[in-house]
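Participant: Sharing a model that was predicted from the sequence below.
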Amino acid sequence: MSSPPTPILETLDARGLLCPLPVIRTQDTITNLAPGTLLDVLATDPGTLHDIPAWCRVHGHEVVETEREGRDIRIRVKVVAT
Amino acid sequence: MAEQIKAVALISGGLDSMLAAKVVMQQGVYVEGINFYTGFCVEGHTHAIRAKDRAKPKRNNALWVAEQLGIKLHIIDVIDEYKDVLLNPKHGYGKHLNPCLDCKIFMVKKTLAWGFMEERGFDFIVTGEVIGQRPKSQRKETMPVIARESGADDRLLRPLCAKNLPPTLPEREGWVQREALFDFHGRNRKPQIELAQSFGFTDWAQPAGGCCFLTDEHYAQKLSDLWRTRGSRDYELDDIMLLKVGRHIRPAPHFKLIVGREEGENQYLEGYRKQFVALRPLSHKGPLCLIDGTPSAADIELAARVLARYSQGRSADHVTIVAEEPNGVARDLEVVPLPPMEIPTAWHV
Ligand code: SF4
């Protein structure tokens, strides 16, 4: 039995950018990613905790993990075919 | 089967564009939203910066509207291209530095270029404009100007006031029923509120002056000051973001102080330390201050005295301020806080 392929993991560094720029960068990056890819968005604007999931919901992508340590935020998005 | 008709709606985050999109959706048209980020937009980030506003929900209103409508929203970065709109508006400015008419033409033109590409294949554009709503940009005479100069012509539908305008392509083709569109005009908001209620909307954003900082008198003053003192009408994103934050004090044309007004702003200014001379009180609590421009040693000393005024040492004999150059070289300055009467009101930008 073969194990499922490990998903590709990409990273987008949006630290220091203020909303909506991290959302725009996420959107523009995802346009070029294949469904199934995971994208880690690194950010520092707390607004991203709200805006990136909202953007994902309207486009049908999935937020699979959110992590916050001090100012640093990491949001993992799974790209879904839409 | 008839082909699905598709419209792209300009979504500002306010009520009118939300209603306009909903009206065409009700007629069976497939709608996606588009929103432009110029750098001047009144966005969630001002809340993110100012700690006192942090309790308020931070949301991007355009995204929120898209969610309410159940449509996709594309946010487009137009920071660079927008410079030409703001610096050289063919139709001039509104009350402050808002080039609303040129801005609308620009946004419709961008939407046309974005949405009418072959692979996207949208059939028409929807905006929430209402005749007479805004004194300069939303008048009966300006409606055809926007349609014509953007190149959208009769592919531009304003569902909220369409009945006051000649029929557009989507109406003539029967993609939407003209009878089911509206004839709103003027500044009365009652018809919009009733329509919102009929759709079951209970919450919407109500921006006070407009959708961007350029309609704000104080912001426009700070931007004019920047252009005047630099001797050129240009800007970078950092410049216009910094105008949204802090107290701006200009003792001379070649330098100004940006003083944090509270902790959130201090933290935000921290991010710019490597680009400016940064001052912070050491002997007392107090805000972070950046010096924008080309200050001499004497100017930095004066800035330190002004900053001491905004620190908890304002009545002390001396306050120690640490001044750090962008390259990290720091030195301590012991200064006497400047008495309030020595800070002329004219210094406050
Ligand atoms: S208020 Fe600002 S964003 Fe809105 S139309 Fe006027 S210039 Fe453009």
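Facilitator: Nice, thanks for sending it over.
Participant: Near residue 17, how many other residues are there?
Facilitator: Just so you know, I chose chain A. 18 (other Cβ atoms under 10 Å in any protein chain shown). Every C-beta, even on glycine, is put in place using the N, C-alpha and C of the backbone.
Participant: Chain B, not that one
Facilitator: What residue B:17 shows, counting by other Cβ under 10 Å, is a neighbour count of 23.
Participant: Which of the helices or strands spans it?
Facilitator: Element membership of residue B:17 [criterion: DSSP states H and E] is helix B:15-26.
Participant: so where's the chain uncertain?
Facilitator: With no chain named, the answer covers chain A. A:1-2 (pLDDT under 70).
Participant: Please refer instead to chain B.
Facilitator: B:1, B:43-58, B:207-210.
Participant: Apply 90 and report the result again.
Facilitator: Within chain B, the segments meeting pLDDT under 90 span B:1-3, B:41-60, B:115-119, B:132-141, B:187-188, B:202-212, B:263-264, B:267-268, B:270-271, B:273-274.
Participant: show me the contacts for the nearest residue to residue B:340 once chain neighbours are set aside.
Facilitator: Leaving aside its chain neighbours, residue B:340 sits nearest to residue B:309 (7.0 Å; criterion: Cβ to Cβ, 6 or more residues apart in numbering or on different chains). Shown in contact with residue B:309 (Cβ atoms under 8 Å, 6 or more residues apart in numbering or on different chains): B:337, B:338, B:339, B:340, B:343.
Participant: ok, which stretches of the stretch 101-250 of chain B are helices?
Facilitator: B:142-150, B:169-172, B:190-198, B:217-230, B:237-242 (DSSP state H, counting those that start in this stretch).
Participant: Can you spell out which helices and strands pack onto the third one?
Facilitator: In this case it means helix B:190-198. For helix B:190-198, the packing partners by 3 or more Cβ pairs under 8 Å, 6 or more residues apart in numbering or on different chains; DSSP states H and E come out as helix B:15-26.
Participant: Give me the buried positions along the helix it packs on.
Facilitator: Under the neighbour-count criterion of 16 or more other Cβ atoms under 10 Å in any protein chain shown, helix B:15-26 has B:15, B:16, B:17, B:18, B:19, B:20, B:21, B:22, B:23, B:24, B:25 buried.
Participant: Tell me who's in contact with the last one.
Facilitator: Contacts for residue B:25 were tallied using Cβ under 8 Å, 6+ apart; they are B:31, B:69, B:71.
Participant: The same query, at a cut-off of 7 Å, please.
Facilitator: B:31, B:69 (Cβ atoms under 7 Å, 6 or more residues apart in numbering or on different chains).
Participant: for residue A:77, helix, strand, or coil?
Facilitator: strand (DSSP: H, G, I helix; E, B strand; the rest coil).
Participant: so what's it bridging to?
Facilitator: residue A:39, residue A:63 (DSSP bridges).
Participant: ok, it touching residue A:36?
Facilitator: No. Checked against Cβ atoms under 7 Å, the pair residue A:77 and residue A:36 is beyond contact range at 11.6 Å.
Participant: near the ligand at all, the lengthiest strand in chain B?
Facilitator: Longest strand in chain B by number of residues, with DSSP state E as the criterion: strand B:30-37. No. Counting by Cβ under 6 Å from any ligand atom, the ligand has no neighbours in strand B:30-37; the shortest distance is 7.9 Å.
Participant: burial measure for residue B:253, as a count.
Facilitator: For residue B:253, using other Cβ under 10 Å, the count is 12.
Participant: Can you tell me how far it is from residue B:226?
Facilitator: 11 Å (Cβ to Cβ, to the nearest Å).
Participant: shared neighbours of the two, which are they?
Facilitator: Counting by Cβ under 7 Å, 6+ apart, nothing touches both residue B:253 and residue B:226.
Participant: backbone phi and psi for the most centrally placed residue in chain B, please?
Facilitator: What sits nearest the mean C-alpha location of chain B, by Cα atoms, centre = their mean, is residue B:41, with 1.9 Å. Torsion angles at residue B:41 (phi, psi; degrees, to the nearest 10) stand at phi -60, psi 140.
Participant: quick one, what contacts it?
Facilitator: Residue B:41 neighbours (Cβ under 7 Å, 6+ apart): B:211, B:212.
Participant: That one pairs with what?
Facilitator: residue B:212.
Participant: for the longest strand of chain B, packing partners?
Facilitator: strand B:6-10, helix B:15-26, strand B:73-77, helix B:100-115 (3 or more Cβ pairs under 7 Å, 6 or more residues apart in numbering or on different chains; DSSP states H and E).
Participant: Run the angle between the second one and strand B:6-10 for me.
Facilitator: Relative orientation of helix B:15-26 and strand B:6-10, computed by axes from the mean of the first three to the mean of the last three Cα atoms, to 10 degrees: 170 degrees.
Participant: quick one: helix B:15-26 near the ligand?
Facilitator: No. Counting by Cβ under 6 Å from any ligand atom, the ligand has no neighbours in helix B:15-26; the shortest distance is 10.8 Å.
Participant: ranges for the strands of chain A?
Facilitator: A:9-14, A:38-43, A:62-69, A:72-78.
Participant: and these, which is most packed in?
Facilitator: Scoring these by mean neighbour count under mean count of other Cβ atoms under 10 Å in any protein chain shown gives strand A:38-43 as the most buried, with a mean of 21.
Participant: Would you mind confirming that residue B:73 makes contact with residue B:33?
Facilitator: Yes. The criterion here is Cβ under 7 Å, and residue B:73 meets it with residue B:33 at 4.1 Å.
Participant: got the residues of the stretch 51-200 of chain B near the ligand?
Facilitator: Checking the stretch 51-200 of chain B against the ligand by Cβ under 6 Å from any ligand atom, the hits are B:98, B:99, B:100, B:103, B:104.
Participant: before we move on, the earlier item: which other residues reach the longest strand of chain B?
Facilitator: Strand B:30-37 is contacted by residues A:20, A:24, B:4-11, B:21, B:24-25, B:62, B:66, B:71-79, B:107, B:110-111, B:114 when judged by Cβ under 7 Å, 6+ apart.
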